[in-house]
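1. predicted model and sequence below, questions to follow.
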Amino acid sequence: IDYLRQQEARRATTATDQTEPFQKGEDIQILEGPLAGLKAVFQCSKARDRVQVLIHILGAEKAVELPADYVGSAV
């Protein structure tokens, strides 16, 4: 139990020390999943390993939450 507590504390510290993967408003590309190939605008990091982005679809901008590893820098 103590080992698990130490591991969780270490993960929580690492997660809060990390900086945003992109700047708010930065153009990015969705690389994986059903939206792969779409361009998006980075909004913020969400819960563990997730990001919120804006995509332009069906004539409107929609906020979408994706796994962080689904997105990368725009080419």
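-> Good, I have the coordinates.

2. list the buried residues for stretch 46-65?
-> V51, V53, I55, V64 (16 or more other CB atoms under 10 Å). Bear in mind the C-beta positions are built from the backbone N, C-alpha and C, glycine included.

3. what's the closest of these to V41?
-> Taking CB to CB as the measure, V41 lies nearest V53 of the buried residues of stretch 46-65, at 6.3 Å.

4. paired strands for the helix or strand containing the closest one, with orientation please.
-> Using DSSP states H and E, V53 sits in strand 50-57. When sheet partners are counted by DSSP bridges, strand 50-57 sits next to strand 39-45 (antiparallel), strand 60-67 (antiparallel).

5. which ones are touching V51?
-> V51 sits next to P21, F22, F42, Q43, C44, S45, E65, L66, P67, A68, V71 when contact means CB atoms under 8 Å, 6 or more residues apart in numbering.

6. and those residues, which of them are buried?
-> F22, F42, Q43, S45, L66, V71.

7. and of these, the nearest to P34?
-> L66 (10.1 Å).

8. list the contacts of the closest one.
-> I30, G33, L35, R50, V51, Q52, V53.

9. who's it bridged to?
-> Counting by DSSP bridges, the residues bridging with L66 are V51.

10. how close does it sit to Q52?
-> Computed as CB to CB, to the nearest Å, the L66 to Q52 distance reads 8 Å.

11. quick one on the thing from earlier: nearest to Q7 among the contacts of V51?
-> A68 (20.4 Å).

12. got the contact list for that closest one?
-> P21, S45, D49, R50, V51.

13. the bottom helix or strand of this structure by mean pLDDT?
-> helix 2-17 (a mean of 65; mean pLDDT, DSSP states H and E).

14. tell me the two of the buried residues of stretch 46-65 that are most distant?
-> V51 and I55 (12.0 Å).

15. any shared contact partners between those two?
-> With CB under 8 Å, 6+ apart, V51 and I55 have no common neighbours.
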